[in-house]
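Undergrad: My questions concern the predicted model and sequence given below.
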Amino acid sequence: MTTAMAQRSATGVPPRMSALHRWGQLRQTSPGRLQIILVMLLVLSILTGLVAGLTTSSAASGTGDLRDRAQPLLIEAETIYTALTDADTTAAQAFLAGGLEPARLTQQYESRIAQATTALTSAARRTPEGSDAAKAVEELARGTARYAALVATARAVNRQGLPVGASYMASASQLNRETLQPQAKDLLQFAQREVTGGYQDARSPWWLMLLLVLITALVFALIAAQRYLSRTTRRTFNVPLVAATGLTAVLVVAGWLVFTNQRGHLSSAEADGSAPIAALAGIRGTILRERADEALTLVARAGRGPYEEDFDRISQSISFADPALDDVEGLMEQARDQHGLFVDRHREIRALDDGGDYDAAVELAVRADTASAFQVLTTTVDDAMKDRKAVFETDIRSAGWGLTALTVLGPLLALAIAALAAIGLRPRLEEYR
Amino acid sequence: MRIVLAATAVLALLGTAACSAASPRREAPVPVLPDGATSAPAPAAPDTSCNPRASLRPSGALPAPGALPAGSRMAEIRRSGHLVLGTSQDAVLFSSRNPLTGRIEGFDVDMGREIAKAIFGDPEKLQIKVVPRSERANWVRDGKVDLVISTMTANCARWKEVDFSTTYYVSGQRVLVAKDSIVKSIDDLDRQTVCAAAGSTSLDNIAKQPGKPIAVAKPTFGECLVAFQQNEVVAVSTDDTILAGLAAQDPYAKVVGPPFTVEPYAIAISKKHPDLTRFVNQVLDRARADGTWAAIYYKWLAGKPPTPPAAQYR
């Protein structure tokens, strides 16, 4: 059919169809058919090599981006958010304590500000230039500097016994809660989207599907070529072509191993690393906010107010039984109990304040054992976080296993296949000279 | 600092005394009072439908703490264990948080302690709640506090929501500016930023000035001082009493100009409990008479105490 059409049109429009015409003519002769087979094998193997290189390098860069940029950015965004929240709570408690700021709270505040600024510096490197996230990081850096300056002034003024120190603290706290924390939250959401997108990119199926199609075609072509040769020549096996088939099999097996490994580890990095880290970040944010609400209710000294209502709402919504947290079940059970104790202590504080004994409520709120009751809770959540971070690190490193090697090896194998095809078919072609 | 405070407070009072009669821009006419005792200039608020200084007249003598009339609001408060006082924590000298002890103290708090003493025989039976200025009348009305003593001006608009005691202090609004400023009064602050606390009469008064200064609201007057020190606003304007407290904390600030309003401070009490208002008036009368008022004045504002504002009744 094709031949007939080609012949017909060849008479009509010779220049355009001449390639097709020659192709048709080539199929008529044995050397022509050998030439076609050779060209097809060369094209297929070179394409396979090219696509194998692209597929693995895209998968490697996707995995690498997830490992070196997206997930660390998420962790930094979370650090920025929690550090700022905790700095504000610490400042509020120091204010509550009255008189000179307790050294414990000063140290905690300083270390939180240091954490926030360090995380901001490295987050700046991981956000694309000119993006909303980069702007958020810039604004956060500026705002944090201003916040720290206000707190420093508040302390200096407090030290002179002037009541305006409390107003500096209130202005700083307002800046923190109404500007910095929402910006940090935006950055956190951006980072979360980057991680989700990162997993999608690292697993992108399109290149892999193309590679699969090409490799299948190459295998069929090799087998077909060998069957044709064993039919038309006296030799049953063409050794170079058999070797080429073997190399293709090696490529298939290597690719299968590397990509199955990558996908498996990506899945476990997501399910056992990223997902629990996100859930734990949510829990940590909530408990820090509870503690802040408690302190701010007492600072406002207006009895039960909006912060206490916020406390009630969020302490009911907190869940330590998230399915994502199954792997740290033990720690989460511990955290639930510790959170229960913390909420009990909070109720005692509220009962004192609502009962009219403000001074006793403040004393209980800033007492060392209340602070340590909260400390053990955050430590438990931190431990769970560390555990999941380690799992993520291990999985994401394992996911990258073999990808770099295959990026080089894939094209090299394909070149070897092409060379072997040429070596195998050349002597047969020579026979027709 | 004590000396600075004393000096500023005295200056502030001299200012009030010297200028309250001569101020050319008082908008409301001076009402002639029925008892003819003292003339009381109306506040700058447009609502002049009443005499905001005239409170409910007490009957009989002040009952002893152990002999409060049965079924009265005072007896109820005594049963509840403490008197809930709504005040602020940023009006230095009147009610502010002592940064060293964390306690709220000042002229207003001591007034509250006098009332607690009259109900319980113990001035310590006082529970302090800090009320946002904009919520003062609401909290009294809703019973979240038994009374509000918080440099609160009695005016006709507020009389519609709550009852007031007799006047326990008279203040006037002035302006705080930088020491090197050429501003001499609120008239020199045309289209410049002037801070006051949200919900205060001072904030409304700023916007009403003919020079149209730009009123900037902050949650508290302390935060106004922060804004002033951070060069966010040019001036702070409110009652001279509060300004004296702010100026005492900033050696680069001064209080200038004549008082351009008259602010009679009174204690706000729910309209549901006129018996409590009458009782509080009795306590104030006693404090004026036996020198307690003068002692509290001397303790917080220093200088020779003036004659306390006379009680006026309906």
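TA: Perfect, I can see it now. Quick caveat, the model's predicted, so the values are computed rather than measured.
Undergrad: Just give the nearest non-adjacent residue to the residue of the stretch 201-350 of chain A found nearest chain B, would you?
TA: Residue of the stretch 201-350 of chain A nearest chain B, by CB to the nearest CB: residue A:301 (4.1 Å). Every C-beta, even on glycine, is put in place using the N, C-alpha and C of the backbone. Leaving out its chain neighbours, the residue that sits closest to residue A:301 by CB to CB, 6 or more residues apart in numbering or on different chains is residue B:130, at 4.1 Å.
Undergrad: Look up the pLDDT of the one you found for me, please.
TA: Per-residue confidence (pLDDT) for residue B:130: 91.
Undergrad: Count the residues that sit near it.
TA: 21 (other CB atoms under 10 Å in any protein chain shown).
Undergrad: Same check on residue A:213?
TA: Number of residues near residue A:213 (other CB under 10 Å) recorded here: 12.
Undergrad: give the contact list for it.
TA: By CB atoms under 8 Å, 6 or more residues apart in numbering or on different chains, no residues touch residue A:213.
Undergrad: and it, that one's in a helix?
TA: Yes - note on residue A:213: a helix contains this position according to DSSP: H, G, I helix; E, B strand; the rest coil.
Undergrad: picking that back up, next, the contact list for the residue nearest to residue A:301, please.
TA: Shown in contact with residue B:130 (CB under 8 Å, 6+ apart): A:300-302, B:86-89, B:104.
Undergrad: quick one, phi psi at the residue of chain B positioned farthest from its centre?
TA: Among the residues of chain B, the one whose C-alpha is farthest from the average of all C-alpha positions is residue B:70, by CA atoms, centre = their mean at 31.6 Å. Dihedral pair for residue B:70: phi -60, psi 140, per degrees, to the nearest 10.
Undergrad: Just the element for residue 110, please.
TA: By default, I'm working from chain A. Using DSSP states H and E, residue A:110 falls within helix A:103-126.
Undergrad: Let me rephrase: I mean chain B.
TA: Applying DSSP H and E as the criterion places residue B:110 in helix B:107-120.
Undergrad: outside of stretch A:372-381, which residues touch it?
TA: Residues contacting stretch A:372-381 (CB under 8 Å, 6+ apart): A:280, A:283-284, A:287-288, A:291, A:331, A:334-335, A:338-339, A:341-342, A:345.
Undergrad: List buried residues within those residues.
TA: Buried subset of these (neighbour count, 16 or more other CB atoms under 10 Å in any protein chain shown): A:280, A:283-284, A:287-288, A:291, A:331, A:334-335, A:338-339, A:342, A:345.
Undergrad: Now pLDDT too, for these, in TSV please.
TA: Below are the buried ones among the contacts of stretch A:372-381 laid out as TSV (pLDDT from 0 to 100):
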residue	pLDDT
A:280	93
A:283	93
A:284	91
A:287	92
A:288	90
A:291	91
A:331	94
A:334	95
A:335	95
A:338	95
A:339	95
A:342	94
A:345	95
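Undergrad: Mind naming the longest helix for chain A?
TA: Counting by DSSP state H, the longest helix found in chain A is helix A:30-65.
Undergrad: Measure how far it is from the centre of its chain, please.
TA: Centroid separation for helix A:30-65 versus its chain: 30 Å, with CA atoms, centre = their mean, to the nearest Å.
Undergrad: cool, stretch A:239-253 as well?
TA: Taking mean C-alpha positions (CA atoms, centre = their mean), stretch A:239-253 and its chain are 37 Å apart.
Undergrad: could you give me the average pLDDT of that stretch?
TA: Averaging pLDDT along stretch A:239-253 gives 93.
Undergrad: And for stretch A:368-387?
TA: 92.
Undergrad: and if you look at stretch B:281-298?
TA: Computed over stretch B:281-298, the average pLDDT equals 94.
Undergrad: same question, stretch B:257-270
TA: What stretch B:257-270 shows for mean pLDDT is 93.
Undergrad: in a strand, that's where residue B:175 is, yeah?
TA: Yes - judged by three-state DSSP, residue B:175 forms part of a strand.
Undergrad: quick one: it from residue B:224, how far?
TA: Between residue B:175 and residue B:224 the distance is 12 Å, computed by CB to CB, to the nearest Å.
Undergrad: can you list residues touching both of these two?
TA: residue B:236.
Undergrad: Between the two, which is the more surrounded one?
TA: Neighbours of residue B:175 and residue B:224, each counted by other CB under 10 Å, are more numerous for residue B:224; the result is 33 against 29.
Undergrad: Next, find the distance separating that one from residue B:237.
TA: Going from residue B:224 to residue B:237 by CB to CB gives 9 Å.
Undergrad: Now the common contact residues for the two.
TA: Common contact partners of residue B:224 and residue B:237 (CB under 8 Å, 6+ apart): B:195-196.
Undergrad: shaky segments in the chain?
TA: In the absence of a named chain, this looks at chain A. By pLDDT under 70, the low-scoring segments of chain A are A:1-17, A:433.
Undergrad: You answered for a different chain; I wanted chain B.
TA: Low-confidence segments of chain B, defined by pLDDT under 70: B:1-46.
Undergrad: Pull up the residues of it that are close to chain A.
TA: B:81-82, B:84, B:89-90, B:92, B:96-104, B:127-132, B:144, B:219-220, B:222-223, B:225-227, B:229, B:245-246, B:249-250 (CB under 8 Å from any CB of the partner chain).
Undergrad: Now do the phi/psi pair for residue B:307.
TA: phi -70, psi 130.
Undergrad: returning to that earlier point: what pairs with whichever helix or strand comes after the helix holding residue B:110, and is each one parallel or antiparallel?
TA: As assigned by DSSP H and E, the chain's next helix or strand after helix B:107-120 is strand B:126-130. Take DSSP bridges as the rule and strand B:126-130 pairs in its sheet with strand B:83-87 (parallel).
Undergrad: buried ones in the strand it pairs with?
TA: Residues B:83-87 are the ones in strand B:83-87 that count as buried (16+ other CB under 10 Å).
Undergrad: got it, and stretch B:132-149?
TA: Buried residues in stretch B:132-149, counted by 16+ other CB under 10 Å: B:132-133, B:135-137, B:139-140, B:144-149.
Undergrad: How about stretch A:178-190?
TA: Quick answer for stretch A:178-190 (16+ other CB under 10 Å): A:180-181, A:183-188, A:190.
Undergrad: just the helices in the stretch 301-433 of chain A please.
TA: Ranges of helices within the stretch 301-433 of chain A are A:306-317, A:329-354, A:358-366, A:368-399, A:403-430, based on DSSP state H, counting those that start in this stretch.
Undergrad: Could you name the helices and strands sitting against the first one?
TA: To tie it back to what came earlier, the one meant is helix A:306-317. Under the contact criterion of 3 or more CB pairs under 8 Å, 6 or more residues apart in numbering or on different chains; DSSP states H and E, helix A:306-317 touches helix A:275-300, helix A:329-354.
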